[in-house]
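Asker: Have a look; sequence and predicted model below, questions after that.
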Amino acid sequence: MEFETVIGLEIHAQMKTLSKIFCGCSTEFGAPPNTHTCPVCLGMPGSLPVLNRQVVESAIKLGLATGSTLNRENRFARKNYFYPDLPKGYQISQFELPICEHGRVEIEVDGRSRTIGITRIHMEEDAGKLVHDEREPVSYVDLNRTGTPLLEIVSEPDLRSPTEAAAYLRKLHAIVRYLDICDGNMQEGSFRCDANISLRPKGQDKLGTRTELKNMNSFRNVQLALEYEERRQRDLLLDGGEVVQQTLLWDPDRGRTEPMRGKEEAHDYRYFPDPDLVPVVVDEAWIERVRAGLPELPDARRQRFAAEFDLPAEAADLLTGSRELADYFEAALASFANARKLANFIGTELLRDYGPERIGACPV
């Protein structure tokens, strides 16, 4: 029997703000534990959240960049669950009325273009972090990250292979970095991803039972985890077994997934409108101000590089994969007349020594 793979991604992008989404605490990474906290992000009784305007503006930028519908009035909701790193007992997120819906991005895999739908983009706060000490039978809670602003980008189940999923993830990563709303550091958790994957008989419309994959902190790990889970589900179904709906952790050292817990549904979180926050109203004038300040995005820049500098598609793809690299190329052109030779030199020599993110350290 032939199976079709169905994948959807939930991407969490941490916003590049100096303060948290609902209070004035710093978002600095790597500070001593529990030093960037206050009554608001600790969920103390009587404390009230105040929305960070810059987070809304970042969401508008991403919505415009992905061709999303911007909801002129959107609301925050409380997502209720218990976990040690969630001091309030709920997370402030968006549910019924997110800020953005019905977006899309274009990806290219093996020379074939596909449009991947985006169900929604919504604003929310991050939870804290558990710190495990192997020398002691306890875990510590660091609440510095609590309240850090996130945009969650939920794709439609349009991805049909782990390779497509990795391409989609890279495209969103490039977009948020071009917009300068997220630093994209996957090792520090600024850009992270959960993946839902299921298999169904080819030609069938009904979706199969899905599993959710977590703990993937690189593009490579996302693809490897999905490839492993794709094989596991296919072997299980061919043997007459049934896939259990659950959350799985990817173990990169062992190259396999491990069960974590049963997969929750939306009703398990008992969403309801947050009574401490008024609806967010986004008017046309605000949207147009943000639109006027948008930078040239990766796809448009790639097309311009190919046309204006007569570059092969592969070179244009490489140079526009990161904003830093594209900026460096254009700056270097002022003193290097041959664009093709420059592109080749950057791709073969400079990237080997500096990498796309550190290319700015190389003198032009």
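Answerer: Yep, that arrived.

Asker: what's around Leu51, how many residues?
Answerer: 16 (other C-beta atoms under 10 Å). C-beta here means a position set from N, CA and C on the backbone, and glycine is covered the same way.

Asker: Val131 now?
Answerer: By other C-beta under 10 Å, the residues close to Val131 number 12.

Asker: wait, Asp274 sits on Phe76?
Answerer: Yes: under the criterion of C-beta atoms under 8 Å, Asp274 makes contact with Phe76 at 4.4 Å.

Asker: Quick check: neighbours shared by the two?
Answerer: Ile92 (C-beta atoms under 8 Å, 6 or more residues apart in numbering).

Asker: Those two: which has the busier surroundings?
Answerer: Legend: neighbour count by other C-beta under 10 Å for Asp274 and Phe76, higher for Phe76 (28 against 19).

Asker: What residues does that one make contact with?
Answerer: 92-94, 123, 273-274, 277, 280.

Asker: One more pass at 10 Å, please.
Answerer: 21-22, 49, 51, 92-95, 97-99, 122-125, 273-280 (C-beta atoms under 10 Å, 6 or more residues apart in numbering).

Asker: again with Tyr81
Answerer: Residues near Tyr81 by C-beta under 10 Å, 6+ apart: 89-91, 127, 264, 268-270.

Asker: how about a cut-off of 7 Å?
Answerer: Tyr269 (C-beta atoms under 7 Å, 6 or more residues apart in numbering).

Asker: Could I get the pLDDT score of it?
Answerer: Tyr81 carries a pLDDT value of 93.

Asker: Quick check: it vs Thr119, distance?
Answerer: Distance of Tyr81 to Thr119, computed by C-beta to C-beta, to the nearest Å: 21 Å.

Asker: do the same with Leu179
Answerer: For Leu179 relative to Thr119 (C-beta to C-beta), the value is 20 Å.

Asker: same thing with Glu134?
Answerer: 39 Å.

Asker: more crowded one of these two?
Answerer: Thr119 (19 against 5).

Asker: which residue packs closest to that one, ignoring adjacent ones?
Answerer: Once flanking residues are discounted, Thr119 sits nearest to Val154: 4.6 Å by C-beta to C-beta, 6 or more residues apart in numbering.

Asker: before we move on, what about Val243?
Answerer: Thr209 (4.3 Å).

Asker: Thr27 too?
Answerer: Counting by C-beta to C-beta, 6+ apart, the residue nearest Thr27 is Thr148, at 5.2 Å.

Asker: Glu106 belongs to a strand?
Answerer: Yes: per DSSP: H, G, I helix; E, B strand; the rest coil, Glu106 lies within a strand segment.

Asker: who's in contact with it?
Answerer: Residues in contact with Glu106 (C-beta under 7 Å, 6+ apart) are 113, 115, 299.

Asker: Highest neighbour count among those residues?
Answerer: Counting by other C-beta under 10 Å, top hit in these: Asp299 with 16 neighbours.

Asker: Now do the domain split for the chain, please.
Answerer: Domain segmentation of the chain under automatic domain parsing yields 3-290, 296-361.

Asker: Out of the ones you listed, which gets the lowest mean score?
Answerer: Among the domains of the chain, domain 296-361 scores lowest, at a mean of 86.

Asker: Give me every residue in contact with the helix or strand Val222 falls within, excluding its own residues.
Answerer: Here Val222, judged by DSSP states H and E, is contained in helix 219-238. With contacts defined as C-beta under 7 Å, 6+ apart, helix 219-238 is touched by 1, 3, 5, 7, 162-163, 165-166, 169-170, 193, 195, 197, 199, 211, 213, 216, 243, 248, 250, 252, 255-257.

Asker: Name the next helix or strand following it along the chain.
Answerer: strand 246-251.

Asker: report the angle between the axes of the helix or strand that comes right after that next one and helix 219-238?
Answerer: Downstream of strand 246-251, the first helix or strand assigned by DSSP H and E is strand 256-262. Angle, strand 256-262 to helix 219-238, by axes from the mean of the first three to the mean of the last three C-alpha atoms, to 10 degrees: 80 degrees.

Asker: Check which helices and strands strand 256-262 sits against.
Answerer: On a contact count with 3 or more C-beta pairs under 7 Å, 6 or more residues apart in numbering; DSSP states H and E, strand 256-262 meets helix 219-238, strand 246-251.

Asker: Direction included, what does the helix or strand just after it pair up with?
Answerer: Downstream of strand 256-262, the first helix or strand assigned by DSSP H and E is strand 272-273. Applying DSSP bridges, strand 272-273 is found paired with strand 77-80 (antiparallel).

Asker: Was I right to think Arg270 contacts Asn80?
Answerer: Yes: counting by C-beta atoms under 7 Å, Arg270 touches Asn80, with 4.6 Å between them.

Asker: of the two, who's got more company?
Answerer: More crowded of Arg270 and Asn80, by other C-beta under 10 Å: Asn80, with 15 against 12.
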